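Asker: okay, here's the prediction I keep looking at, along with the sequence it came from:
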Amino acid sequence: MHAPDVNLYLVGFMGTGKTTVGRALAQRIGFQLLDSDVEIERQAGKTIPEIFAEQGEPAFRVRERAFIEGGHSQTRCVVACGGGLVVQPGMLDLLKSKGVVVCLHASLETVLKRTQGSKNRPLLNVEDPMERIRALYAAREHVYRNSGTLVLTDGRPLLEIVAHVFRIWKREAVDFATAADRAAAKAAR
Ligand SMILES: Nc1ncnc2c1ncn2[C@@H]1O[C@H](COP(=O)(O)OP(=O)(O)O)[C@@H](O)[C@H]1O
Ligand SMILES: O=C(O)C1=C[C@@H](OP(=O)(O)O)[C@@H](O)[C@H](O)C1
Ligand SMILES: [Mg+2]
């Protein structure tokens, strides 16, 4: 496997910038952007709030898992993951087996600011979104902290974050491709 073919998976809490950074990075690397939310909406023919309202959160999680397990097999992709995707059991290991994983991070105050005013995140569509953000983050923090290299995004312009993640991907893609080649050679013996 060539390092330049290795996928990049962006994970992290809601509002950390995965979709925005992913779009810019895909352009910079020359990869296809896949956003799990967009792919799920396309496949379901419904918006994320509609899926949550009509089918429930567990059904949405099943769709996320299906997208990662079977929905995309190609290389040369930047995958912007929905915030809860990596939290499901086994998903982090699966992502790490498929490519480089980078976790975007922001303070919870920044998350609130960046997500306020959008009705597209049903989990935050509640009377006290900050309380929900705190509770969800506390339950998920241990997974995000283990999810590859952590990149802080508070108060940083998009281009700086993109350049930072690009450097991480370039370095880690070489290690990933080397390990994949070794494993393939061993299997062929
Ligand atoms: N580094 C940043 N600085 C300021 N605003 C940002 C930054 N990154 C993302 N945003 C804004 O925050 C909001 C949420 O970003 P988004 O990419 O949708 O996050 P996620 O996909 O992680 O939920 C968007 O309005 C986006 O423009
Ligand atoms: O954290 C979550 O559980 C969710 C994050 C959202 O994606 P973003 O992280 O891109 O907002 C979206 O998948 C859905 O609203 C649920
Ligand atoms: Mg997103």
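Answerer: Yep, it's here. Residues are numbered from 1 along each chain as shown. Ligands and ions are numbered 1, 2, ... in the order given.
Asker: which residues does the helix or strand hosting Y9 contact?
Answerer: Taking DSSP states H and E as the criterion, Y9 maps to strand 7-12. For strand 7-12, the external contacting residues (Cβ atoms under 8 Å, 6 or more residues apart in numbering) are 18, 21-22, 25, 29, 31, 75-81, 83, 85-86, 92, 95, 98-106, 144, 147-148, 165, 169, 173. Every residue, glycine included, has its C-beta placed from N, CA and C.
Asker: and that strand, how far from the chain's centre?
Answerer: 4 Å (Cα atoms, centre = their mean, to the nearest Å).
Asker: and if you look at stretch 113-129?
Answerer: 19 Å.
Asker: strands of this protein, residue ranges please.
Answerer: 7-12, 32-35, 77-80, 99-105, 149-152 (DSSP state E).
Asker: what strands line up against the first one, and which way round?
Answerer: Going back to what we said before, that points to strand 7-12. Paired with strand 7-12 in the same sheet, following DSSP bridges, are strand 77-80 (parallel), strand 99-105 (parallel).
Asker: hmm, that strand in reach of ligand 2?
Answerer: No: judged by Cβ under 6 Å from any ligand atom, strand 7-12 stays clear of ligand 2, getting no closer than 7.3 Å.
Asker: buried set for stretch 20-27?
Answerer: Residues of stretch 20-27 classed as buried: T20, V21, G22, R23, A24, L25, A26 (neighbour count, 16 or more other Cβ atoms under 10 Å).
Asker: from these, which land in helices?
Answerer: T20, V21, G22, R23, A24, L25, A26 (DSSP state H).
Asker: hang on, the last one packs against Q32?
Answerer: Yes: applying Cβ atoms under 8 Å as the test, A26 and Q32 come out as touching, 6.4 Å apart.
Asker: so what sits against both of those two?
Answerer: C77, V78.
Asker: what residues does this structure have near ligand 3?
Answerer: Residues of the chain lying near ligand 3 by Cβ under 5 Å from the ion: K18, T19.
Asker: quick revisit: reformat the strands paired with strand 7-12 as CSV; add mean pLDDT.
Answerer: CSV is the format used below for the strands paired with strand 7-12 (pLDDT from 0 to 100):
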stretch, mean pLDDT
strand 77-80, 97
strand 99-105, 97
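Asker: mean neighbour count, these: which tops it?
Answerer: strand 77-80 (a mean of 26; mean count of other Cβ atoms under 10 Å).
Asker: what lies in contact with that strand?
Answerer: With Cβ under 8 Å, 6+ apart, strand 77-80 has contacts from 7-10, 18-19, 21-23, 25-26, 29, 31-37, 72, 99.
Asker: kindly report the same for stretch 172-179.
Answerer: M1, H2, A3, P4, D5, V6, L8, G99, V100, G148, T149.
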